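Undergrad: kindly return the folded structure for what I paste below:
(chains A and B)
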Amino acid sequence: MENRVETAIQIRGVTKTFGTKVAVNKLDLDVPQGSLYGFIGPNGAGKTTTIRMIMSIIFPDSGRLSVLGKASAVESKDRIGYLPEERGLYRKMKVGAFLIYMGRLKGIDNAGLDKKVRDWLERMKLGDCYKKKCEELSKGMQQKIQFISAVLHEPDLIILDEPFSGLDPVNRRLLRELIMEQHNAQRTLIFSTHAMFEAEQLCDNLFMISKGVKVLDLPLSEVWKKYDPKAILIEPLAGAVASDRASWAALPGVREAKVENGHVELKLVEGQDPSQIMAEIAARIPLRRMEIRKPSLEDIFIELVGGSAAALQAETEGMREYATAGKEATGV
Amino acid sequence: MFKTLTVAIREFLATVVTKGFLLGILLPPILMGLAITLMPILMNQASPKIEGTVAIIDRTGGTLESGLKIAFDPEKLAAKRAEKNKKKIEQATEVMPMQTSQSKQAMELSANAGGPGPSLTLEFLSPTADAEAEKKRMTESDGHGDSKVANPRLALAVIPETSTTPNASGKFTGYDLFVAPKLDPEIQGDIRDQIAQAVIDQRIQEAGLDPNRIHDLVERPKGETKVVTAEGEKKANEAAAFLLPVGFMMLLWISVFTGGQYLLTSTVEEKSSRVMEVLLSAVSPMQLMVGKIVGQMAVSFVILSLYMGAGVIGLIYANQGHLLELVKFVYVGIYFLIAFFLIASMMAAIGSAVNDMREAQALLGPVMIALIIPMMLWLPLSRNPNSMFAQICSFVPPISPFVMVIRIAGSEKIPFWQIPASIAVGLLAVWFAAWAAAKIFRVGVLMYGKPPNFPTLIRWIRMA
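TA: Residues are numbered from 1 along each chain as shown, chains lettered A, B, ... in the order given. Predicted coordinates for the structure are as follows:
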C-alpha cells in the first residue's frame, strides 16, 4: 500500500464551535497505523464532530489535522471507509446498483466491481438482495449494506460511527467478526459506540471524550492498569448475610461499601493490596463467592465523565433502546 | 471530475428512468406524434359509400324540379362539399395556427371521409302523394348504406306551395324534411342546403330576378392581411407570430422548472433518507452539488429539446417554418443555461437546507413568486417587447432569461446590445447564485432539526 505512515490520524489542538457551543475543544489525538480505536463518550460529547472533521466533512475552526499523511481526508477519501451515524440508502435504488455506484465514487475500477459487490453480498448472507430495492430491506440488512459500502474499496482507514446501533445479537456478532477481520488485515479502524462492552471486547485503544474535551486516550491494557481493580465482590452463603453497610465500610483499607441483593461490593483505598482484605473476610464469614472485581468500562466512564452525564447517557441509551424495540415491534 | 460525472449520470438516470418521468414527460409528445401520424391512416379507412334517393313531394306545382336537379347534380354536390371544408380549414387556421398542418390534414381527410361523398338521386313523387305513406318507405334503409334494398330512400322532403309563393300574410314558409334513422348529419346538411338553395333560387326567379346575379352580388368580399416588411410583403399569420415567443418562454420555463423541481426533490430525499453523509464520505459537497446540477441540467435539456423539437416539427408542417431562425435557438440555448443554473442553484440550496418537502415549500414561496412573474407578464411583454418595462425586466435575474426569450423570439427587433448585456448580467447572477448555493449546501446538507429561515441562510453564506 502506498504512502504508509506510522500514524493514521494525527489531530493537534483542534477546536470546532457551532454558534456559541464548543463541540470540540483543543483536541489532540494520535491514531497509530493498524490500531483499533474505540471512541466513547456521552451524547453530544463531540464524537461525531471529531469523526466528521477527520472525514473533512466539516472543518475545524483552529488546529491541525492529518489523515493518512495528508492534510485533509479529501485527498485520501478513496482510502477511507466511512459508516456515518446518520446513514441511509437510496430507497428506490437497487441494492447492487447502489453498491456499484458507491464503489465507483470510491474509485474502484469498473472491471470486477460487480463481482466484488456480489461476493460481499454473499458473505453478508444477502446474496438474493442484489436486485431488491433498498427500501425492501430490514433495518439490519440495510446496515449491512452500508457496512459493505464502507469497506468495499478495501480502505486503509475505516471509520465506523455507532456501527452496532440497531443490530440484533446475531448481526452484532457478525459485525464484530468483520471488524476483527479488517483489524487482522492491518487496517486502521475507529469506531464510536455507546455500548461499552462492545468497546471492551474489540478495542485495543480507547479514546473517551466528554463535553468536547478528551478525558481518556490509552491502550485498553493501560486502561485496566490505570484503573486497577480496586473492588472486591463478596457473596456470602445464605444465612450468613452480612451485617450492615457500616461494618463493611469499617474494614481497614475499604473506602466504600455497597450492599445490594445479598452482594457486597467493597471499594478499596488506593494502593491497598486486595489479597490481605480477602483473607480477612474469608476468615470472618462463610462465602459462596469472593472475587476481585475488574472495573467495567462503564465504571471508568462514569468515574471520568461524572454522574450527571452518565445518568443522562443511561437515560438516552434506554430511550434509544426503547425506540428501537418499538420500531422493530411495529416492523418499521 | 470523474466523481462529479458519476454523480451526474446517476442523477440523470434516477430521474429519467422512472415511471413518473416516462409517463408524464415523454409520453405526451410521443402520443401527439402518434396521433398525427396515425390519424390519416385511420381516417383513410373510408366508410362505405352511401347511395340512396331523396324523395320530393313538390306541392308548388313542379316549379322546383329543374332547380333541384341542378342542385343535386353529383358534381355540384361534391364541389359544394369541398368548398365547405375549405372554409372550415381557413377558420381553424386562424384560430390555431400552430396546428394548421394537423387541422388541414384532418379537414382534407374528413372531406374525403366516406369516399367520394354520397351518391344521391332525386325521386319526384306526385305533388298529391300521401306523405304519411311515403314516409314508411324510409324504414327500408338504416341510412348507413348497408340497406336491404338496392337504392333505399334516405330522405323525404315535402315542400308546400307557400315555400316559394308567399301566403296570405305575405310570408314564405319552410318545408318538412323526413330522414331515415341514423343518416349521417353531414349528408342531412347537404340535403337541407341543396333544397334551400333550390327554393331560394325559385323565389328569386318568381320575383323576376336572376339568381346567379344575386349570388354574385351577395358574395362576401375577402380581405387578406399582409405584413409589410423590409424584405417585402409577407402573408401574415398574426396568431403564430404572437404565440411563438410565448411558446419559447413556456418551454424554457417548463423545462427549467421541471429540472429544478427534480433537483429539489432528490436533494431533500438524500437528506431525509440520510444517504447524504454516506455520499459525502466519497465525494465533497461541491462535487455532489455540481454533479446533481449537471445531471438535472441534462434532464431539463431532454425535456426542452423534446418539446421544442415537437414544436418545430409542428411549425414546419404548418408552413410556418419562416418564423424559426437558427440564431433564436442559439439564444434560447444560452438563456436556458442561465435560467437553469440560477434556478438549480436556488433549488439545491433550499433542498440542502430543509429536512422534508413540507419545509421546502416555506422557502420555495419567494422563488416561486419570482418565477411566476414572467408567466403573468408575457402578454404585455410580447405585445410591446421594447417598452421601458420590458427593457428593465431583461436585466433583472432570475426573470431576465425568460423576458429576453419573449423579446427575442418576437418579430419586433430589439436593440442588439441588450442581448450580450443581459447575458453578462445573467452570468454574473449565475456566478453569485452558485457561490451562495455552494456555501449553503455545504452547511445545510448535514444540518438536521429546525428548518432554517432566510436570515439563517444568509448567516450560513457568510459563515461558511
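Undergrad: hey, let's count contacts and neighbours off CA atoms from now on
TA: Noted.
Undergrad: okay, now the residue in the stretch 1-150 of chain A that chain B sits nearest to: neighbour count?
TA: Nearest residue of the stretch 1-150 of chain A to chain B: residue A:88, at 4.2 Å (CA to the nearest CA). When neighbours are counted by other CA atoms under 10 Å in any protein chain shown, residue A:88 registers 24.
Undergrad: just residue A:270 next, same as before
TA: 11.
Undergrad: and if you look at residue B:387?
TA: Quick note: residue B:387 (other CA under 10 Å) scores 13 neighbours.
Undergrad: so what's it up against?
TA: By CA atoms under 8 Å, 6 or more residues apart in numbering or on different chains, the contact set of residue B:387 is residue B:381.
Undergrad: what's the answer for residue A:33, then?
TA: With CA under 8 Å, 6+ apart, residue A:33 has these contacts: A:5-8, A:186-188.
Undergrad: go on, residue B:211?
TA: If you count contacts by CA under 8 Å, 6+ apart, then residue B:211 has B:201, B:204-205 around it.
Undergrad: filter those to the buried ones?
TA: Buried residues within those, counting neighbours by 16 or more other CA atoms under 10 Å in any protein chain shown: B:201, B:204.
Undergrad: the contacts of residue B:211: which ones sit near chain A?
TA: By CA under 8 Å from any CA of the partner chain, no member of the contacts of residue B:211 lies near chain A.
Undergrad: which one of the contacts of residue B:211 is nearest residue B:349?
TA: residue B:201 (77.0 Å; CA to CA).
Undergrad: now the closest one. Nearest residue, chain neighbours left out?
TA: Nearest residue to residue B:201, sequence neighbours excluded (CA to CA, 6 or more residues apart in numbering or on different chains): residue B:211, at 5.5 Å.
Undergrad: and the pLDDT at the one you found?
TA: pLDDT, residue B:211: 87.
Undergrad: what separation do you get for it and residue B:84?
TA: 20 Å (CA to CA, to the nearest Å).
Undergrad: what's the pLDDT at residue B:262?
TA: At residue B:262, pLDDT is 91.
Undergrad: that one: neighbour count?
TA: Residues within reach of residue B:262, counting by other CA under 10 Å, total 23.
Undergrad: any idea which element it lies in?
TA: Here residue B:262 sits within helix B:238-272, counting by DSSP states H and E.
Undergrad: pull the CA atoms of the next helix or strand after that helix into PDB?
TA: Per DSSP H and E, the first helix or strand lying C-terminal to helix B:238-272 is helix B:276-280. Presented in PDB, the C-alpha positions along helix B:276-280 are these (Å, rounded to 0.1, in the frame of the first residue of the first chain):
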ATOM      1  CA  MET B 276     -26.200  12.300   2.300                       C
ATOM      2  CA  GLU B 277     -23.400  11.600   4.700                       C
ATOM      3  CA  VAL B 278     -22.700   8.300   3.100                       C
ATOM      4  CA  LEU B 279     -22.200  10.100  -0.200                       C
ATOM      5  CA  LEU B 280     -20.100  12.800   1.500                       C
END
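Undergrad: for the one residue sitting closest to the centre of chain A, phi and psi?
TA: Here the mean C-alpha position of chain A is nearest to the C-alpha of residue A:193 (CA atoms, centre = their mean), at a distance of 3.2 Å. For residue A:193, the backbone dihedrals (degrees, to the nearest 10) come out as phi -160, psi 160.
Undergrad: isn't it right up against residue A:159?
TA: No. Judged on CA atoms under 8 Å, residue A:193 makes no contact with residue A:159 at a distance of 11.6 Å.
Undergrad: ok so, going back, make CSV out of the contacts of residue B:211 and add distance to residue B:295, pLDDT and secondary structure.
TA: Formatted as CSV, the contacts of residue B:211 follow (distance: CA to CA, whole Å; pLDDT from 0 to 100; DSSP: H, G, I helix; E, B strand; the rest coil):
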residue, distance to residue B:295, pLDDT, secondary structure
B:201, 72, 88, helix
B:204, 75, 89, helix
B:205, 77, 87, helix
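Undergrad: show me what from chain B comes close to chain A.
TA: Residues of chain B lying near chain A by CA under 8 Å from any CA: B:3, B:6-7, B:10, B:270, B:273-284.
Undergrad: and residue A:99, what element?
TA: helix A:95-105.
Undergrad: tell me if that helix is near chain B.
TA: Yes. Using CA under 8 Å from any CA, we find that helix A:95-105 touches chain B at A:101-102, A:104-105.
Undergrad: same deal with stretch A:187-207?
TA: No. Counting by CA under 8 Å from any CA, chain B is not contacted by stretch A:187-207; separation bottoms out at 14.7 Å.
Undergrad: flag every buried residue along the helix holding residue B:262.
TA: Neighbour counts using 16+ other CA under 10 Å place B:240-272 of helix B:238-272 among the buried residues.
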